[in-house]
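Enquirer: curious how this folds, go ahead:
(one chain, ligands or ions: 2)
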Amino acid sequence: MQTITLTRPDDWHIHLRDGDYLPTTVSDVARQFGRAIVMPNLTPPVVTVPQALAYRDQILLNRPSGSNFQPLMTLYLTDQTRPSDIVAAAQSRDVYACKLYPAGATTNSDAGVGSIEALYPIFETMQQQQLPLLIHGEVTDTQIDIFDREQVFIDQYLIPIITTFPELKIVFEHITTQDAASFVAEQSANIAATITAHHLLYHRTHMLSGGMKPILFCLPILKRDTHQAALIRAATSGDPSFFLGTDSAPHPRSRKEDACGCAAGCYTAHAAIELYAEAFEQAGRLEYLEGFASHFGADFYGLPRHVDTITLEAMPWVPPKTIPFGPDELMPLRGGETIKWRLVQPEAGS
Ligand code: DOR
Ligand code: ZN
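Expert: Ligands and ions are numbered 1, 2, ... in the order given. The predicted structure follows:
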């Protein structure tokens, strides 16, 4: 049987939610990933170190027995964030980055930043403290077409931030365009980008033709196929500026199928590494998966690569159409459809 063995991978961008949703999300992420950067967009958001530590405790309580999964916490930047919050984060052993959501850009971003320029003193402190800045890179101006919001963000905000803070480590999260991929490739080693499995596997025509598919609606929105092709080239290039971040973002089915506005987010944690393997194999570049999934993110964050491995086998399987999700259910990506690769689960006790 065809198999692939990789250094254990990490997920550098995931939404685990909280409360009753954690048993599903934590067991799915812990199945495959050693660590994950946990997004702070809860309601209310995680804005202080004590809140991040309390959230981390909740996640750890939901770890499957025997799992060594490590949640790496983040703080949500708001107009009220103070330099002292950043110093506290940098001194904490459990907070690894801060996330910038322009207000209104996406799910639970109402508390996000109104004026990015007003955050410059915070970026200055982050640069001094060597705390990475994670950016949801889309402008929120309703005059700007939704398909153009990432490119406009690069010119209006990202270039000025990079120019002003050249030593600040920045992750341009879940990039979706050729423009973002070329931009990141041209920058110094301080600038990196995560790429999701769904943006590697789908483009906007998949979402919009033959009936609109809420399951594929996420932000930044899927772009045209030429952008998808550029993301595939970047992810499979061996350039360490690009690494794995699923942006797996569960929503109850009722919120995805809501006629008054579908919630943005694709759930991929149930099959993430398998979906990435499919994308890399389709590109004929499976040998580049390990760097992208298991090495480059750890190197960027200055963390050790894992010493253990995971193995995938070519054993087609069909994820369920729905997964229990606290009192609700969620619809995982590819539910009811075949996925070629399957993670080999270690024997109990091994
Ligand atoms: O599609 C998305 N869903 N994009 C985001 O940026 C947030 C996420 C969520 O939290 O649901
Ligand atoms: Zn996200």
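Enquirer: and the contacts of stretch 271-289?
Expert: 4, 6, 9, 11, 29, 32-33, 197-198, 200-201, 232-233, 235-238, 244, 246, 248, 268, 292-293, 310, 312, 319, 332-334, 339-343 (Cβ atoms under 8 Å, 6 or more residues apart in numbering). Where you see a C-beta, it was placed from the backbone N, CA and C, and this is true even at glycine.
Enquirer: just the residues you listed: which are in strands?
Expert: Using DSSP state E, 4, 6, 11, 244, 310, 312, 339-343 are the members of those that sit in strands.
Enquirer: avg pLDDT for the helix or strand that contains Ala230?
Expert: Per DSSP states H and E, Ala230 falls inside helix 225-235. For helix 225-235, mean pLDDT rounds to 98.
Enquirer: buried set for it?
Expert: Using 16 or more other Cβ atoms under 10 Å as the test for burial, helix 225-235 gives 227-228, 230-235.
Enquirer: before we move on, back to that, please check the contacts of stretch 271-289 and keep the buried ones.
Expert: Buried, going by 16+ other Cβ under 10 Å: 4, 6, 9, 11, 29, 32-33, 197-198, 200-201, 232-233, 235-237, 244, 246, 248, 268, 292-293, 310, 312, 319, 332-334, 339-343, out of the contacts of stretch 271-289.
Enquirer: for ligand 1, see how far away Pro346 is.
Expert: As judged by Cβ to the nearest ligand atom, to the nearest Å, Pro346 and ligand 1 stand 31 Å apart.
Enquirer: run a quick neighbour tally on that residue.
Expert: Pro346 has 11 neighbouring residues, counting by other Cβ atoms under 10 Å.
Enquirer: OK, contacts around the closest residue in space to Gly19 that isn't next to it in sequence?
Expert: Leaving out its chain neighbours, the residue that sits closest to Gly19 by Cβ to Cβ, 6 or more residues apart in numbering is Gly326, at 6.8 Å. Listed by Cβ under 8 Å, 6+ apart, the contact partners of Gly326 are 19-21, 23-24.
Enquirer: wait, what's in contact with Ala235?
Expert: Applying Cβ under 8 Å, 6+ apart, the residues near Ala235 are 195, 200, 242, 279-280, 288, 292.
Enquirer: try it again at 7 Å.
Expert: 195, 200, 242, 292 (Cβ atoms under 7 Å, 6 or more residues apart in numbering).
Enquirer: the nearest residue to it once chain neighbours are set aside pairs with what?
Expert: Spatial nearest neighbour of Ala235, excluding adjacent residues (Cβ to Cβ, 6+ apart): Ile195 at 4.8 Å. Beta-bridge pairing for Ile195 (DSSP bridges): Leu244.
Enquirer: I'd say Ile195 and Ser241 touch.
Expert: No - the pair Ile195 / Ser241 is not scored as a contact, 10.5 Å apart, by Cβ atoms under 7 Å.
Enquirer: higher neighbour count, these two?
Expert: Per other Cβ under 10 Å, whichever of Ile195 and Ser241 has more neighbours is Ile195, with 30 against 21.
Enquirer: distance-wise, check that one relative to Gly335.
Expert: 22 Å (Cβ to Cβ, to the nearest Å).
Enquirer: circling back to that earlier point, from the contacts of Gly326, pick the one nearest ligand 1.
Expert: Tyr21 (11.6 Å; Cβ to the nearest ligand atom).
Enquirer: okay, buried residues for the one helix or strand Asp57 maps to please.
Expert: Using DSSP H and E, the element containing Asp57 is helix 49-61. In terms of neighbour count (16+ other Cβ under 10 Å), helix 49-61 has its buried residues at 49, 51-52, 55-56, 59.
Enquirer: now for these: which two are most distant?
Expert: Greatest spatial distance among these (Cβ to Cβ): Val49 and Ile59, at 15.3 Å.
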